[in-house]
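Student: Here is my input, please return the structure:
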Amino acid sequence: MKEINKVALLGAGNGGCAAAVDLTLRGLEVRLYGRSPETVEPLQKRGGIEYEGIFGEGFVKVPTITRSMEEAMLGADVVVVMAPAHAHENIATQLAPHLADNQVVLAAPGHTLTLIPNTLRRLGHRNPVTCGTSTLPYICRKVAPDRVKVSRASAKLIFSSFPALHTEELAARLRKVFPPLFPVPTVLDALFRYTNAIHHPPALLCNVGRIEATGGDYCHYFEGITPSVGGLIDTLDRERLAAAAAFGCQVPKLADYFFEMGYTGPGGKEGGTAYATFQNSEPNRWIKAPASIDHRFFNEDIPFGLVPFSELGRLGGARTEAIDAVITLASALRGQPYREKGLNLARMGFAGMDAAQVRRTVREGFVT
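Tutor: You can find the predicted model right below:
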């Protein structure tokens, strides 16, 4: 098993910059790729990234900062996709021509199930092996074009590969990149731990007037998630758990999962509700709300979170009325066909399959 020393980070936003700082400080060689000149040029001009937060305060030099995916990937031991879920299919299409047989593709977050391997398969990679984490490895925000603030690193990163046969081997190898990797049986187990999908959309939906009146001038998690909003989140959480159970996946409820990751304190776990979870979430406490509802809390967390929960829930016989209602209302507010554009069964490569066939596919891979 080749040791990992060179890492291509595809995505120079919040997560990509946080990872570039973390990995560089730990002695790995980072190649950072970004798509837009507005993102990449300030970093190129500076020659690296300034940082603050849990890693202290300072500057790391990044030897390769580029808008060329080929340059970023050449010679890398692992290719880490650190882009929003809605960009995964596009990025998989772009990386496919440059992907070497010995390179591992890790998506972080990687809750798009089989979207990346299914895309690579369409583009000529016969049996691609990919893997991912269920969430971004950091709570972080870019506070300037060349500076990132990292508030917390996840204490437990749920991890799985597709197909599942390679999960343990890849976890052992990739812990040099992200030490807290915690293997779960299949990518379904990772998807159903995508808790952003069950708290971001309803909290945004219930605060639409406040966002549009104030430009998001309030603390999204601490002030926006009131007891009533928390109650709606709890309903979506129960539906998420039911959909997971329909596929034999045992996943923790929101409060327990946040406590495991270090994102809420003992009061959040003991309270057991979404409201208690966020009232006791110090890393999230002062994060402001989005300035607009044209935001990833809708645009990513619905099509790539709530939509697959709903699609898989229906396939497995689980009821998802509240999830479906949030999808419908947000789609109407934004004028976006989130279900049609999202991670539906066809885009996952599961069209025409029943629940048993889906379970077998995530374990063994696509039938060629």
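
Student: Check the burial of Asp22 by counting its neighbours.
Tutor: Close neighbours of Asp22, defined as other CB atoms under 10 Å, add up to 23. Placement of C-beta: from N, CA and C, glycine included.

Student: List phi and psi for the most centrally placed residue in the chain.
Tutor: Centroid check for the chain by CA atoms, centre = their mean gives Pro109 as the closest residue, at 2.8 Å. Backbone torsions for Pro109, taken as degrees, to the nearest 10, come to phi -80, psi 150.

Student: That one and Thr133 touch, don't they?
Tutor: Yes. If you go by CB atoms under 8 Å, Pro109 and Thr133 touch, sitting 5.9 Å apart.

Student: coming back round to it: for the residue nearest to the centre of the chain, give me the pLDDT.
Tutor: Note for Pro109: predicted pLDDT of 88.

Student: Could you do Asn102 as well?
Tutor: Asn102 carries a pLDDT value of 85.

Student: Would you check that it makes contact with Met73?
Tutor: No. In this structure, Asn102 is not within contact of Met73 by CB under 8 Å, at 11.9 Å.

Student: Who has more neighbours out of these two?
Tutor: Between Asn102 and Met73, counted using other CB under 10 Å, Met73 has the larger neighbour count: 22 against 7.

Student: May I have the residues that are in contact with the residue nearest to the centre of the chain?
Tutor: Applying CB atoms under 8 Å, 6 or more residues apart in numbering to Pro109 gives the contacts Gly15, Ala85, Gly132, Thr133, Ser134, Thr135, Leu136, Tyr194.

Student: try Glu300
Tutor: Neighbouring residues of Glu300 by CB under 8 Å, 6+ apart: Pro84, Ala85, His86.

Student: ok, then the element right after the helix or strand harbouring Arg173?
Tutor: Using DSSP states H and E, Arg173 sits within helix 167-174. Downstream of helix 167-174, the first helix or strand assigned by DSSP H and E is strand 181-183.

Student: what are the pairing partners of that following strand, and which direction each?
Tutor: According to DSSP bridges, strand 181-183 forms sheet pairs with strand 157-162 (parallel).

Student: Residues touching the strand it pairs with, excluding its own?
Tutor: With CB under 8 Å, 6+ apart as the test, strand 157-162 has contacts from 108, 113-114, 117, 129-135, 137, 167, 170-171, 174, 178, 180-187, 189-190, 193, 362, 365.

Student: Please spell out which residues along the helix or strand containing Ala346 are buried.
Tutor: Element membership for Ala346, per DSSP H and E: helix 345-348. Buried residues in helix 345-348, counted by 16 or more other CB atoms under 10 Å: Leu345, Arg347, Met348.

Student: For the second one, give me its contacts.
Tutor: Read it as Arg347. Glu89, Leu115, Asn118.

Student: Export these as a markdown table, with columns for secondary structure.
Tutor: Formatted as a markdown table, those follow (DSSP: H, G, I helix; E, B strand; the rest coil):
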| residue | secondary structure |
| --- | --- |
| Glu89 | helix |
| Leu115 | helix |
| Asn118 | helix |
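
Student: So which of the contacts of Pro109 are in strands?
Tutor: Using DSSP state E, the members of the contacts of Pro109 that fall within strands are Gly132, Thr133.

Student: mind putting the contacts of Pro109 in TSV, neighbour count included?
Tutor: As requested, these are exported to TSV (neighbours: other CB atoms under 10 Å):
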residue	neighbour count
Gly15	26
Ala85	25
Gly132	27
Thr133	26
Ser134	28
Thr135	24
Leu136	21
Tyr194	25
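
Student: Report the two of the contacts of Pro109 separated the most.
Tutor: Farthest apart among the contacts of Pro109 by CB to CB are Gly15 and Tyr194. That separation is 14.9 Å.

Student: for stretch 96-116, the distance to its chain's centre please.
Tutor: Here stretch 96-116 is found 13 Å from its chain centre; the criterion is CA atoms, centre = their mean, to the nearest Å.

Student: Buried residues, it. List them.
Tutor: By 16+ other CB under 10 Å, the buried positions in stretch 96-116 come out as 96, 98-99, 103-116.
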